[in-house]
Every structure is written in C-alpha cells, then in structure tokens.
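Peer 1: Predicted model and sequence follow; I will ask about them next.
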Amino acid sequence: MKKGLLEKILIQRYGQPKVIIRRGIIAKSWRTPYPDDESLLYLGMIWKGELGLRFGSLEDIYGDAVGGYLIKNTLKVAVLTDQEIYGLWNINQLRELPAVQYALTKDPGIDYFMDSDNVWYYGIKKGELYVFDAEFDELDSLGPVEPALHTLMDEWEAAGRDVRGY
C-alpha cells in the first residue's frame, strides 16, 4: 500500500488513522482534536492501465486512495475510479463542471482534483498547487504542493473552529 501526500499530511497532523469500512469501501479515518471532525480517504487505487495513464500526475498526492474528504467535508478530493461515493465528485464530473472548464481556459495545464463548497477548485501543475476561485474569477498559485496543502488545511480547520466556536 502506497501512502500519498494527503495521507502523509493527515498522519503528521492527527497521527495514525483507523482503518474502517465506510459505504462498503475500506477507508482510513482521522479524527481531529475537535468534536465530530473527520478526514477520510477511501482506499483501493491501483495505478496501472488506463487509470495510471489518465491520472498519473496525481499518484504522489493520492497514493492508494481513490478519493475522500478532509477537515469534515470542507475539502473534497475527487474519486478517480468508477465508484460512486456520496458527496464526492468523480474526477470526470469535477473536470466537466462549467467553472472548471472555464478555469482550464485560463491555464489548460492544471490537473484539477479537489474542490471546496463548489466555489474553489484545486489542481496541480509542475509541483505547485493552484486554486481557481469561481466566485471572483481568480486563478492563483498557492506554491509547492506539500506546504500549500498544509496551509490550506490550517485555514479550513481555523475557519471551522470559528464557525463552531471552538
């Protein structure tokens, strides 16, 4: 089993995950220090054949995960396989969204794989994480992928605490 960047970051933040079955799929679950918060990665990605060719740029980020959510559904990682998982976009559906199609006109080289609130769309290109803000029509680089993901998760976690009052 190959750990991807998302799993490595979650382990650094919250420790070792629990392996569970969710929606009939094996997953790894991390509880944050805040009540009811969970990050979850569904497992089962095999980087061979067509999936490996189509989504190879995401292999280091996903590892053996097929998709999932981070920081209690605030960041949704698209599902790479044909599995339907309630609440998560399939990668093909995500990339066909009008906002993502529009973002691709600004830079067709970005591989979008994650969203938040159907407003912010995240993708990678040449080792950098990008965000397209559909509300304000802005495309920005957030910098190298790993530190950018840490910062992004910090921000969403802090926003959740503000809303929940922790």
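Peer 2: Done, it's in.
Peer 1: ranges for the helices of this protein?
Peer 2: Assigned by DSSP state H, the chain shows helices spanning 5-14, 49-55, 59-62, 91-96, 98-106, 145-164.
Peer 1: so which of the ones you listed comes closest to Lys125?
Peer 2: helix 145-164 (9.8 Å; CB to CB). C-beta here means a position set from N, CA and C on the backbone, and glycine is covered the same way.
Peer 1: Could I get the buried residue list for the closest one?
Peer 2: Val145, Glu146, Ala148, Leu149, Leu152, Met153, Trp156, Glu157, Gly160 (16 or more other CB atoms under 10 Å).
Peer 1: got it, and stretch 90-98?
Peer 2: Asn90, Ile91, Leu94, Arg95, Leu97.
Peer 1: hang on, isn't the third one packed against Asp111?
Peer 2: No. The criterion here is CB atoms under 8 Å, and Leu94 misses it with Asp111 at 10.6 Å.
Peer 1: what stretches of this protein score poorly on pLDDT?
Peer 2: Scanning the chain for pLDDT under 70 picks out 1, 32-35, 160-166.
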